[in-house]
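Undergrad: pasting the structure only:
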């Protein structure tokens, strides 16, 4: 648990904003590197959802769909049903707000 919290803190300090594409690639690498740590996976999905939530340019729908796909791929690997349900709900709400109806239905 302590290792996961330290990793979450370190990952949250790394940012490539305003280059969100590079930041998503970074988070994808971390998802693969720490696939065995559920708390890290939860934090990564939450970070991706925050990225989708702050996007102001609605013209980048393809990137918003990529963010939703990241969550959609990551969430099933979690062990905790409670975490899965919370993250699916959070992701679906972000997708609906961003106009990604197909991704919202998939969650």
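TA: Yep, it's here. None of these values were measured; they are calculated from a predicted model.

Undergrad: helix or strand for residue 57, which one?
TA: Following DSSP states H and E, there is no helix or strand that holds residue 57.

Undergrad: Is residue 43 in contact with residue 6, as I believe?
TA: No. Taking contacts as C-beta atoms under 8 Å, residue 43 lies outside contact range of residue 6: 11.4 Å. C-betas here are computed from N, CA, C, even on glycine.

Undergrad: In terms of neighbours, single out the busier of the two.
TA: Shown here are residue 43 and residue 6; by other C-beta atoms under 10 Å, residue 43 has more neighbours (21 against 11).

Undergrad: And the more buried one, how far from residue 50?
TA: Going from residue 43 to residue 50 by C-beta to C-beta, to the nearest Å gives 10 Å.

Undergrad: Same check on residue 57?
TA: 16 Å.

Undergrad: Compare the two and say which is more crowded by neighbours.
TA: A direct count of neighbours by other C-beta under 10 Å for residue 57 and residue 50 places residue 50 higher, at 13 against 9.

Undergrad: give the contact list for the more buried one.
TA: Applying C-beta atoms under 8 Å, 6 or more residues apart in numbering to residue 50 gives no contacts.

Undergrad: Now it: which helix or strand?
TA: Assigned by DSSP H and E, residue 50 falls in helix 38-54.

Undergrad: Could I get the full set of helices for the chain?
TA: Taking DSSP state H as the criterion, the chain carries its helices at 2-13, 20-33, 38-54, 61-74, 81-98, 101-106.

Undergrad: Can you convert these into TSV and add a column each for mean pLDDT?
TA: TSV is the format used below for the helices of the chain (pLDDT from 0 to 100):
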stretch	mean pLDDT
helix 2-13	89
helix 20-33	93
helix 38-54	93
helix 61-74	91
helix 81-98	92
helix 101-106	69
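
Undergrad: which other residues reach stretch 32-39?
TA: By C-beta under 8 Å, 6+ apart, stretch 32-39 touches 1, 3-5, 7-8, 40-41, 77-80, 83.

Undergrad: And that stretch, end to end?
TA: 14 Å (C-alpha to C-alpha, to the nearest Å).

Undergrad: burial measure for residue 30, as a count.
TA: Counted with other C-beta under 10 Å, residue 30 comes out at 19.
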